[in-house]
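Engineer: show me the folded form of this:
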Amino acid sequence: MRQAFFHLRRVTLCSLTALLPLGAAGQETCLKGFAINGQVVDSTGAAIVGAVLTLDQLPPERSNQRGEFTYDCVSAQTHTLQVSANGFAERSLSISPSRAGHLRVVLQVESVQEEISVSSAQVNTATGERTLAGTEVTDLADDPDDLQRQLQSYTAAAGGLGGVPLITVDGFRLESRMPPKNAIAFIRINPDLFSAEFTEAPYDGGRIEIYTKPGQSRLHGDLFFNDSEAGFNAKDPLSTRRAALTRRRTGFDLSGPLFHHDRDFSLSLEHREINDFAVVNATVLDTAGNRTSLVQNVPTPQHLWEANARVSFLTSPRNVLIAGYTANVNQFENVSAGGNTLQEAGYGRSQAEHTLRLSNVTTVSPHLMQEFRISVRYRDEQDTPNSTATQAQVAGAFTSGGADIQTSRNRETVIQALDDVVLTRKQHSLKLGVQVEDYFERIKTLQGFNGTYLFGGGTGPELDTQGNPIAGTSIVFDGLEQYRRAQRNLAGGTATTFSNVAGQPGNNFNQFRASLYIQDQWKLSDRLQVTGGLRYAVQTEPLSVGNITPRLGASWVPDKKRKWSLSGRLGLFLTPVATTTIAEARRLDGTQRTGQTIYTPLYVSGVPGGTIIRTIRSNAPALTQSPSIQSQLAAGYSWAKGWNVSASWVHIRQWSGLRTRNINSPQGNDPQGLRPGPRYENILQFQQTGSVIGDIETVSFASSASKRIQFYALYVYVDLKGTIDKEPTFAPQSSSTDAGEWAQISGRSRHNIVTSGQAQLPFGLTIAHVFRVLGDTPYNLVTGIDRNGDGNFNDRPELATASTPGAIDTRYGWLVSDGGNGTIARNLGLMPWNIYLDTNLTRRFVLNPKAANDRRQTLSLNLRSANLLNHTNVTTMGSILDSPSFDRAVLADPGRRLEFGVRYAF
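Structural biologist: Next comes the predicted model:
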């Protein structure tokens, strides 16, 4: 294993080294012509990223992240350069040999002041691709967490709002918080998800690519302040009173030249003080043992700092070197409190993350470009529990005692290296690259060491008013009654289980991933384009080497007026085994750490009273990356004045999906019964026995007909069913059968609606909105007990009738924990529909209108709302049958929040 690991590293490093000399190849001298290079900027001197440049009849090129462009060697004659960018008037320049050298191309904003920069060219409705730039970025949420949620809604075309999109910043995978909005130049949503450049399967949630602003030719900066006071905000929808909710955000950014025109810098610093509250919505016992509702606002303050620094150097007319540093230092209190979890069962978390990034972009020739990127990220996360006491979980009522996580520290170092080469020749484009990720995990965890008593409900004698058992009686009671009896040492008062973890806290490992890819694109005619790609990936921990995934695609414009567009894509995708999965498998490896479960233990005396069942985790032999095949058909139609409508259909088929099974389950539904292996041992194995199959249909609409009003709308219908769920720790109800397991994935809404828009109002006001609707979001219904003794407390209720003893009348019919007529299907529960409306009203004032454009000072005021409709958006429902919270909202997103902001720019 170790030899194979080091061999993988050597092969990958050799591949990277083979590509690096391309940078040196670009240093030849142009002997029979001259070079053209320069920068595209707006009237304020800010660089324009992605401007389209066309020199004579050459294929179009784009300005880089500093707005720069280079043509290394052109003939000694006069040339015509066309320059355009969304939201700016096109410009044409005549360049003769006498003008050779560095050009500064200034583009002016189109005729309407502060025009909204979305156009039909920026929205490919047929495939879900979209680019946000200019005022669309400005109108997004200022808070990085809110910004991430808004951007996630735009990726809904890639699988709905329940997915988790991959986010990259300047080409690097983002593992923590979003960069400040004011540092963002433009954002690409779902760019060609079937490209061989990408590992991730499209339906997993899509992709968000963020590109930050380069430095500017003159010194520019911003000072900003955002404030949200308690009096502006509605109470939490599940709380009985309004909490003192406040949120303040302050910071600055500064950018400009660094001693010379070919060097620049940018700096930003942001601090957020968030005084938020979690709502405990539990059922507890008073001192007399009576049930009482506990609704409590628990403070969950956050103290967040983020700093960014970036410098870039034009080391030659064809080479740009960019270095960056990012720091995040954050403190959180009472994490996980809320819902049924009391404050004492929460914990504090401190995070410190530091990232160094280096990029080198070389334009070898007008047809060949290379970009090398490397980053080193160090993350240190520490958790401290509010209490170290043994935890008590009363199913569907409350959780008290110490947090299960206990004192933990996770130190992670991640090295990313990427080397891409792009070759363009007339109608042909070829891109190939190497991608490397090296994870070094240093984990010290005491998770589960404090132990947990579980009260899931049970049976026992009926009690008289004095608490004495009535002879000859037997009743079924819930976990809260079981807990009450246990506290008072009454009959039937033993806990369901006691579980804990024993062993050494250290858990260190290394995972290495590497990929090679090639993506080929041919424009066969003016209206037909085909693409093909191939990707090869390897990883260690576990070792997986035979991972080859082909990708194919074609797009066709059938009519001469170019109003229709048709496209088809097909690809094989492989999902790597995540480091979190490996960490969990090693946490209970049976050697360094072992879990223990005791059924029907004594609670009051604290002395276990049953047989100890060991619990360990393992990986199935030959564990590898999980494959899926996905296909897409899309059609779009554009008519006059920027109106677009489209529809797409995606089919997904995944097999060998990761999930957990107890491969040593007992026979006869008895935890102490005979087992295939060791008698008193649960072996929870990560194995590839899960499947997913289904379709995703989308219909979208975009309008840029008016320069004052822009609108985008998307509807996504998700019909994905499978025997896996969101996390590999998911286990089926039974280890011997998948009966009832085929179901919609938890949290993945069937209906998804997203709209966004902007409009220019009188008096210089601009208003923008993002509207989201999620419907038919499934969740699982369980009993809170373990009938089959496999150690997984995920058994589902059984169908019943009104005459069945212990049956409960629910909106899903009569259900009973045991003794019914067949088990219900997984994820039968449906959450209420969630509706979100976020708006932003902005007014910008020019403080010195007579000054030159690149010397103007502005003051911007904005009023932003989140959940303006104050709709109750439920995130967690009570899922345990015959518990106080069953089929009731337990957790919900915040109510209406209003935030005022002011920004001074110079």
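Engineer: Ile274 - that's part of a helix, no?
Structural biologist: No: counting by DSSP: H, G, I helix; E, B strand; the rest coil, Ile274 is located in no helix; its state is strand.
Engineer: not counting sequence-adjacent ones, nearest residue to it?
Structural biologist: Gln302 (4.2 Å; C-beta to C-beta, 6 or more residues apart in numbering). To be clear about C-beta, it is placed using only N, CA and C from the backbone, and glycine gets the same treatment.
Engineer: mind listing what that neighbour touches?
Structural biologist: Arg272, Glu273, Ile274, Asp276, Asn330, Gln331, Phe332, Glu333 (C-beta atoms under 8 Å, 6 or more residues apart in numbering).
Engineer: out of those residues, who's nearest Leu815?
Structural biologist: Asp276 (36.1 Å; C-beta to C-beta).
Engineer: doesn't Pro301 make contact with that closest one?
Structural biologist: Yes: the criterion here is C-beta atoms under 8 Å, and Asp276 meets it with Pro301 at 7.0 Å.
Engineer: burial check on the nearest residue to Thr804 once chain neighbours are set aside, number of neighbours?
Structural biologist: Setting aside the residues directly before and after it, Thr804 is nearest to Val816 in space (C-beta to C-beta, 6+ apart), at 5.3 Å. When neighbours are counted by other C-beta atoms under 10 Å, Val816 registers 21.
Engineer: same question, Thr168
Structural biologist: Thr168 has 15 neighbouring residues, counting by other C-beta under 10 Å.
Engineer: with the one 3 residues further on instead?
Structural biologist: One way to gauge burial is a neighbour count; for Gly171, by other C-beta under 10 Å, it gives 17.
Engineer: switch to numbering from 437
Structural biologist: Shifting the count to begin at 437 puts that one at Gly607.
Engineer: and Asp962, what pLDDT?
Structural biologist: In this prediction, Asp962 carries a pLDDT score of 83.
Engineer: what does Val600 give?
Structural biologist: 74.
Engineer: these two touch, right, it and Tyr639?
Structural biologist: No: between Val600 and Tyr639 there is no contact under C-beta under 8 Å: 11.4 Å.
Engineer: more crowded one of these two?
Structural biologist: Tyr639 (26 against 14).
Engineer: for this structure, just list every one of the helices.
Structural biologist: 438-455, 458-461, 571-574, 580-590, 915-923, 1015-1023 (DSSP state H).
Engineer: for those, which has the smallest mean pLDDT value?
Structural biologist: Confidence, taken as mean pLDDT, is least for helix 458-461 of the helices of the chain (a mean of 44).
Engineer: quick check: closest non-adjacent residue to Phe1147.
Structural biologist: Using C-beta to C-beta, 6+ apart, the nearest residue to Phe1147 is Gly1193, at 4.2 Å.
Engineer: who's in contact with the one you found?
Structural biologist: By C-beta under 8 Å, 6+ apart, the neighbours of Gly1193 are Ile1145, Gln1146, Phe1147, Tyr1148, Ala1204, His1205.
Engineer: coming back round to it: ok, Asp712 and Pro737, which is more surrounded?
Structural biologist: Asp712 (21 against 14).
Engineer: so that one versus Gln806, what's the distance?
Structural biologist: 46 Å (C-beta to C-beta, to the nearest Å).
Engineer: same deal with Glu636?
Structural biologist: 24 Å.
Engineer: more neighbours: those two, which one.
Structural biologist: Per other C-beta under 10 Å, whichever of Glu636 and Gln806 has more neighbours is Gln806, with 23 against 18.
Engineer: run through the bridge partners of that one.
Structural biologist: Taking DSSP bridges, one obtains Thr798, Val857 as the residues bridged to Gln806.
Engineer: surely it and Leu859 touch.
Structural biologist: No: look at Gln806 against Leu859 with C-beta under 8 Å: they stay out of range, at 9.7 Å.
Engineer: would you confirm that Asp855 contacts Val870?
Structural biologist: Yes: at 4.9 Å, Asp855 counts as touching Val870 under the criterion of C-beta under 8 Å.
Engineer: where does pLDDT dip in the stretch 437-586 of the chain?
Structural biologist: 437-469, 479-482, 493, 495, 501-502, 512, 522-523, 534-538, 545-564 (pLDDT under 70).
Engineer: what about the strands in it?
Structural biologist: Counting by DSSP state E, counting those that start in this stretch, the stretch 437-586 of the chain has strands at residues 469-477, 488-491, 497-498, 504-511, 515-520, 527-531, 537-542, 559-560, 565-569.
Engineer: gap between the fifth one and the chain center?
Structural biologist: Going by C-alpha atoms, centre = their mean, to the nearest Å, the spacing between the C-alpha centre of strand 515-520 and its chain's C-alpha centre is 40 Å.
Engineer: same deal with the first one?
Structural biologist: Average the C-alpha atoms of strand 469-477, do the same for its chain, and the two points are 39 Å apart (C-alpha atoms, centre = their mean).
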